[in-house]
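A.B. asks: Pasting the sequence and the predicted coordinates here, then a few questions.
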Amino acid sequence: MKKAKIYKPSKTAMQSGLRNTKSWLLEFDTLDTGINPLMGWETSKDTMSEVKIEFESKEQAVNFAKKNNINFYIVEPQKRKIIKKTYASNFMKDN
């Protein structure tokens, strides 16, 4: 059976909000990768690698994988480290 990854997507560098980081995704791993002879890009004939299923919680994703006999592994999200600074600290030298 195919292997799937359950994870919570991280915030991209192009967005300031956290809208797309609320849900959990189940995404299948890509198998049989190769190089496309025409363009030179990495390609695969495995269509399941394009499937992403969205869940509201990690438990829902795990239950779905177990019910459908999908081998899975979980990637836990890292905590954001927020450093509070004042506007004036942009102009002060660090010693």
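C.D. replies: Perfect, thanks for sending it.

A.B. asks: Every contact and neighbour count from this point should use C-alpha atoms.
C.D. replies: Noted.

A.B. asks: Tell me which stretches of the protein form helices.
C.D. replies: Secondary structure of the chain by DSSP state H: the helices cover 58-67.

A.B. asks: lowest confidence element among the helices and strands of it?
C.D. replies: strand 42-44 (a mean of 82; mean pLDDT, DSSP states H and E).

A.B. asks: Which elements pack onto that strand?
C.D. replies: Contacts defined by 3 or more C-alpha pairs under 8 Å, 6 or more residues apart in numbering; DSSP states H and E place strand 42-44 against strand 33-35.

A.B. asks: Sheet partners, orientation included, of the strand it packs on?
C.D. replies: Strand 33-35 has its sheet partners listed here by DSSP bridges as strand 42-44 (antiparallel).

A.B. asks: Can you pull up the most central residue in the chain?
C.D. replies: Ranked by distance to the mean C-alpha position of the chain (C-alpha atoms, centre = their mean), the top residue is Pro9 at 3.8 Å.

A.B. asks: Once you drop chain neighbours, what's closest to it?
C.D. replies: Leaving aside its sequence neighbours, Pro9 sits nearest to Thr21 (C-alpha to C-alpha, 6 or more residues apart in numbering; 5.3 Å).

A.B. asks: Next one: the one you found from Lys79, what distance?
C.D. replies: The gap separating Thr21 from Lys79 is 12 Å, by C-alpha to C-alpha, to the nearest Å.
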